[in-house]
Every structure is written in C-alpha cells, then in structure tokens.
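> Let me see the structure of the following:
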Amino acid sequence: MAVLALAALPAASSIAPTPVAAAPAPCSGLGAGGEYHPLPPQRIFDSRPGSAVNDVQPIGAKPATGAQPTFDIDVLGQGGVPNRPSDVLAVAVNITVTEPTAAGWLNAYGKGANGGLASIVNFTAGQTVPNLAITRPGADGDLTIRLFSTSASGTAHVVVDVFGWFSTSCNAQNGARLVPIDPGRILDTRDSGGPILSGASRTVPIRGAQLATGFPVPGGSDVVAVVLNVTGINQDAASRDTFLSVVPELAPGTAPSTSNVNIARGQIKPNMVIVPIGADGAVRLYNHAGALHVAVDVVGYLTTSAPNGSTTAGRVVPLATPYRVFDTRQVQWQAVALGPGQAEDWSFADFVNSVTVDGRWLGAQSAVIGNLTSASLTRQFSGTPVSSYLTVHPTNQPRPLVSNLNTTEGAPVPNLAMMKYGPNSTVRVFNLSGFSHYLFDASAVVLS
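Residues are numbered from 1 along each chain as shown. Predicted coordinates for the structure are as follows:
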C-alpha cells in the first residue's frame with residue numbers, strides 16, 4: 001500500500017466565538033466544581049419492550065420525524081447520580097439509537113435549554129449507533145432527547161447508560177480532575193493476542209502503562225478512571241454482529257449489561273469511553289458475539305490529586321448548549337473537503353477567549369470536548385471505493401498512530417472527541433484517504 005505524503009498545511013483556520021458555559025450553582029469557592037465522579041456503568045433508560053428501563057410516554061419506540069419530536073428522561077438519582085440538581089453539573093452518558101425505521105439524528109440537552117443545531121448520534125434505517133455525551137441536565141434534573149428522521153412516520157428505540165457525573169461547587173464530596181494527554185495507542189489486538197472471542201474478555205492494564213507514544217500513564221492509586229477511544233474492528237472470518245462492553249471489573253459468570261460500541265459484521269466503529277479503573281489498575285473489554293479485533297487509544301485520565309497543584313486544572317465545565325464550532329461544508333469555513341493524506345490546523349484561540357459564565361471569561365483552557373462528525377467521504381478515484389479515518393492531535397506533536405473516526409462512503413459518522421490544544425490553542429486534523437468533510441460541536445471545556 002502506498003504511503004500518502006502529508007501535504008503542506010494551510011494557515012490555521014479561525015473559530016467563530018460566542019460559546020456560553022453553563023452557570024454553576026451559586027456556592028462559594030471552587031470546592032468540587034467540575035470534578036468527575038466515575039460510576040460502575042449502569043443502564044438508566046431503555047425504550048425496548050423486552051428490556052424496558054424507566055421508559056416514558058409514548059411507551060416503546062419513540063417518534064422520529066421532520067418535526068423533531070422530543071421526550072424527557074430523568075437522570076438524577078439514577079445509576080448512582082445524586083438526587084439534588086444543585087450537586088450535578090453534567091453527566092457522562094452513552095446514548096444508543098437502535099432499530100430506527102429511517103435515517104436521521106438524535107440530540108440530547110438539559111430540559112428547558114435550546115438544543116441548537118448540534119447532533120450526538122447520526123443513523124440510517126436499521127442501524128444501531130452509540131455515542132458518548134457529556135451534557136448538563138435541566139433545572140429539574142431531566143434530559144431532553146430530540147429525534148429527527150427523513151420519514152413522516154419514523155420511529156427509533158433509545159438506550160442510555162450512565163458512566164459518571166461532574167459535580168458543582170455545592171457538592172460536598174471531591175471528585176477527580178481530568179488530565180488530557182497526547183493521544184497514544186495502548187492495545188491493538190491485530191498486533192497482540194488476536195481477536196476477542198464471543199463471551200470472552202481482554203484485560204488492559206492502565207496504571208503505569210506505556211503508550212505507543214512513549215507517554216507513561218501514572219501508576220498511583222489516585223488515577224481512578226481513564227478516557228479511551230475504543231474502536232471495534234469486526235472484519236474477522238468468525239465475526240458476527242456484536243457489541244463491546246468496557247468495564248472496570250467482571251462479575252464471574254455474568255456478562256456486562258451495558259454497551260460501549262455496537263458493531264455490525266464487516267464494520268469498523270469507534271466510541272469514546274470514560275471508565276473507572278479496576279482495583280488491579282486495569283479495565284476489561286468484553287465481546288458479546290463472534291470474534292472482534294479492538295484498538296484502544298488513551299486520550300486522558302482522571303486523578304484525585306490536583307494536577308500540578310493547580311486549583312483549576314482539570315475541572316470540566318459544560319457549555320449551556322452544544323455549540324457548532326465549525327463545519328467544513330459551509331462557506332464560512334471555506335467549504336473545501338480535506339483531501340487524502342492531508343492535514344489542516346484549527347485555531348481555537350477565539351473560542352477559548354470567548355467562553356463566558358454570566359458575562360465573565362471562564363479562564364485558560366487545555367482542551368475542548370465535543371462531537372466530531374464525519375459528514376461525508378468521497379472517492380479520490382471514481383471506480384475505487386474508499387474508507388478512511390480522521391486523527392486529531394495537538395499541533396506541536398507528531399501525528400500519533402491513533403484514530404478518532406473511521407469513515408466510509410455513505411452516512412455521517414459521529415464520535416465524541418477530546419481535543420488537547422497545542423500552542424495558541426491549536427489542533428491538527430489528518431485525513432487518511434478520499435475527500436472528507438467534517439464538523440465539530442463543542443459540549444464542554446477543560447480548564448488549565
């Protein structure tokens with residue numbers, strides 16, 4: 001296979017300002033504000049009749065039409081999330097759309113907020129598509145789920161698993177701070193150990209592990225959770241439609257009840273995961289069917305020690321609503337697809353300097369979290385089908401052998417991404433093959 005040379009980088013594109021962070025609860029001092037509390041993964045909502053959990057009206061499949069109907073779910077008091085709205089700044093939930101009858105998208109946001117133009121999950125008819133989201137509940141603790149489809153009578157089932165929550169400064173219990181790192185691969189079963197078989201698991205050591213970039217994850221017990229980009233590669237001869245669970249521990253003889261990546265046979269699918277670390281310093285990957293290869297990239301970790309002794313570093317602040325930062329299909333961002341073997345830089349300096357709370361600048365930021373979506377991928381040569389991936393990394397680091405999104409021709413592909421900034425709040429996006437349009441919806445920032 002020919003290696004495509006990296007083209008010369010264009011001048012960094014500027015990001016339009018005006019994002020607004022969610023106002024914190026009116027409590028004095030920083031306290032535990034913006035700190036993360038990992039939870040054992042737990043299902044808190046499922047609309048499917050055979051496995052319903054906390055379903056709401058209309059019971060069963062939810063309408064998904066051009067009118068963008070909505071329904072509300074309660075996340076407070078569910079799966080270990082506190083009951084008091086004043087304690088909870090945001091939740092980390094995996095939202096899965098399954099059995100949709102037509103193509104469309106899903107958005108999730110705090111009840112009473114304006115969901116804006118953002119989408120969290122993009123799907124086509126019959127697909128099962130998950131995506132991780134960090135979102136703030138409304139004042140009453142509810143999330144609003146909005147479903148759109150191209151059908152006038154479309155429906156879809158929705159499943160929600162909770163993985164943790166971020167606290168306000170009112171919360172009495174301290175949590176963990178998020179440390180973004182230069183992304184690095186920690187496991188690729190194609191190179192080590194072979195595929196994970198049906199009903200089997202693979203243990204992935206985290207504390208003290210050395211990434212392919214040479215970065216060592218700290219080995220102390222204060223490292224309580226890890227942020228991973230997990231890619232299922234379901235193209236083995238023995239592959240079947242399956243889903244992958246990423247958990248801190250496995251109960252003997254019991255399969256995990258939550259899912260992180262749903263992968264049809266023949267697909268390559270990523271999903272970001274925030275998972276607690278087990279007592280032995282590792283996490284587990286569990287495959288539910290067939291034979292599945294998995295690639296795991298570490299993009300950050302959570303520690304109960306203040307990073308570098310800072311009072312602010314590692315605190316996560318959600319935006320009031322998801323904010324469309326850029327969309328390369330639009331003329332204000334040049335409307336030019338990123339070509340094969342090419343990269344381009346994005347400057348988030350205006351964005352960073354414009355994030356405000358109650359009209360005041362939020363402060364310096366080390367990373368942004370949001371939904372990165374491959375909007376379209378077209379062929380370089382008309383007779384040759386194309387597949388590709390996008391890699392995002394700080395501009396002052398060499399391109400790592402990791403991927404954020406794996407894309408093919410056809411439907412949009414979303415995945416939550418944590419983008420660590422390089423100098424002057426810049427990131428670089430690389431596209432392997434074909435011509436890729438992509439967009440980014442910011443949902444939270446990480447303070448530095």
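> So residue 190: helix, strand or coil?
Put simply, residue 190 is coil when judged by DSSP: H, G, I helix; E, B strand; the rest coil.
> Phi, psi for it please.
Phi and psi for residue 190, reported as degrees, to the nearest 10, are phi -70, psi -20.
> Residue 362 touches residue 354, doesn't it?
No - assessed by CB atoms under 8 Å, residue 362 is found out of contact with residue 354, at 9.2 Å. The C-beta positions use only the backbone N, C-alpha and C, and glycine is treated the same way.
> which residues sit against the helix or strand residue 71 falls within?
Following DSSP states H and E, the helix or strand that holds residue 71 is strand 70-74. With contact meaning CB atoms under 8 Å, 6 or more residues apart in numbering, strand 70-74 is reached by 44-45, 54, 56-58, 62, 111, 141-147, 160.
> right, and out of those, which lies closest to residue 346?
Closest approach between those and residue 346, by CB to CB: residue 146, at 27.2 Å.
> moving C-terminal of the helix or strand where the closest one lies, what's the next helix or strand?
When elements are defined using DSSP H and E, residue 146 is found to belong to strand 142-149. Later in the chain than strand 142-149, the nearest helix or strand by DSSP H and E is strand 154-167.
> Could you name the helices and strands sitting against that following strand?
In terms of contacts (3 or more CB pairs under 8 Å, 6 or more residues apart in numbering; DSSP states H and E), strand 154-167 is packed against strand 36-46, strand 62-64, strand 88-98, strand 104-110, strand 142-149, strand 268-276.
> Can I get these in JSON lines including distance to residue 309?
Shown next, in JSON lines, are the helices and strands packed on strand 154-167 (distance: least, CB to CB, whole Å):
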{"stretch": "strand 36-46", "distance to residue 309": "19"}
{"stretch": "strand 62-64", "distance to residue 309": "47"}
{"stretch": "strand 88-98", "distance to residue 309": "23"}
{"stretch": "strand 104-110", "distance to residue 309": "33"}
{"stretch": "strand 142-149", "distance to residue 309": "35"}
{"stretch": "strand 268-276", "distance to residue 309": "24"}
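> Measure how far stretch 315-332 is from the centre of its chain, please.
Its chain's C-alpha centre and that of stretch 315-332 lie 14 Å apart, by CA atoms, centre = their mean, to the nearest Å.
> Would you check how far apart residue 279 and residue 210 are?
Between residue 279 and residue 210 the distance is 21 Å, computed by CB to CB, to the nearest Å.
> The two: which has the busier surroundings?
residue 210 (12 against 9; other CB atoms under 10 Å).
> For that one, give me phi and psi.
Main-chain torsions, residue 210, degrees, to the nearest 10: phi -100, psi 120.
> does it really touch residue 216, like I thought?
Yes - taking contacts as CB under 8 Å, residue 210 lies within contact range of residue 216: 5.2 Å.
> one step back: output the strand holding residue 71 as CSV, nothing but the C-alphas.
Extracted C-alpha coordinates of strand 70-74, given in CSV (Å, rounded to 0.1, in the frame of the first residue of the first chain):
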residue,chain,number,x,y,z
THR,A,70,-38.8,15.3,21.9
PHE,A,71,-39.2,13.3,25.1
ASP,A,72,-37.6,13.8,28.6
ILE,A,73,-35.8,11.3,30.8
ASP,A,74,-34.7,11.7,34.4
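> I'd like the distance from it to the chain centre, please.
Distance of strand 70-74 from the chain centroid (CA atoms, centre = their mean) equals 21 Å.
> ditto for stretch 306-313
For stretch 306-313, the separation from the chain centroid amounts to 24 Å (computed by CA atoms, centre = their mean).
> per-residue confidence averaged over it?
For stretch 306-313, mean pLDDT is 83.
> So which bits of that stretch are buried?
Within stretch 306-313, the residues that count as buried by 16 or more other CB atoms under 10 Å are 306-307, 312-313.
> Likewise for stretch 403-420?
By neighbour count on 16+ other CB under 10 Å, the buried set for stretch 403-420 is 403-407, 411-420.
> ok, now stretch 427-447?
For stretch 427-447, the neighbour count (16+ other CB under 10 Å) marks 427-447 as buried.
> do the same with stretch 168-176
For stretch 168-176, the neighbour count (16+ other CB under 10 Å) marks 168-171, 175-176 as buried.
> Those: which two are farthest apart?
The most distant members of the buried residues of stretch 168-176, if one measures by CB to CB, are 170 and 176, lying 17.6 Å apart.
> now residue 233: how far from residue 269?
9 Å.
> I meant residue 322, not that one.
Distance, residue 322 to residue 269, using CB to CB: 22 Å.
> These two - which one has more neighbours?
Taking neighbours as other CB under 10 Å, residue 322 and residue 269 compare with residue 322 leading, 28 against 22.
> And the pLDDT for that one?
The model reports residue 322 with a pLDDT of 84.
> Tell me the confidence at the residue with the largest distance to the centre of the chain?
Going by CA atoms, centre = their mean, the residue of the chain most distant from its centre is residue 383, 33.7 Å out. pLDDT for residue 383: 78.
> swap in residue 19?
70.
> shouldn't it be in contact with residue 353?
No - here residue 19 does not reach residue 353: they are 10.5 Å apart, not a contact under CB under 8 Å.
> between these two, which one's more packed in?
residue 19 (23 against 14).
> tally of neighbours for the spatially closest residue to that one that is not a sequence neighbour?
Closest residue to residue 19 apart from its sequence neighbours, by CB to CB, 6 or more residues apart in numbering: residue 323 at 4.3 Å. Residues contacting residue 323 under the criterion other CB under 10 Å number 24.
> which residues of this protein score low on pLDDT?
Scanning the chain with the threshold set as pLDDT under 70 gives 1-18, 20-30.
> Mind jotting down where the helices sit in it?
When assigned using DSSP state H, the helices of the chain occupy the ranges 349-354.
> tell me the domain ranges of it?
With domains defined by automatic domain parsing, the chain comprises 36-167, 177-303, 311-447.
> for residue 135, what are its contacts?
Residue 135 neighbours (CB under 8 Å, 6+ apart): 90-91, 93, 108-110, 143, 318, 322, 443.
> Which one of those residues is nearest to residue 196?
Distance to residue 196, by CB to CB, is smallest for residue 93 among these, at 24.7 Å.
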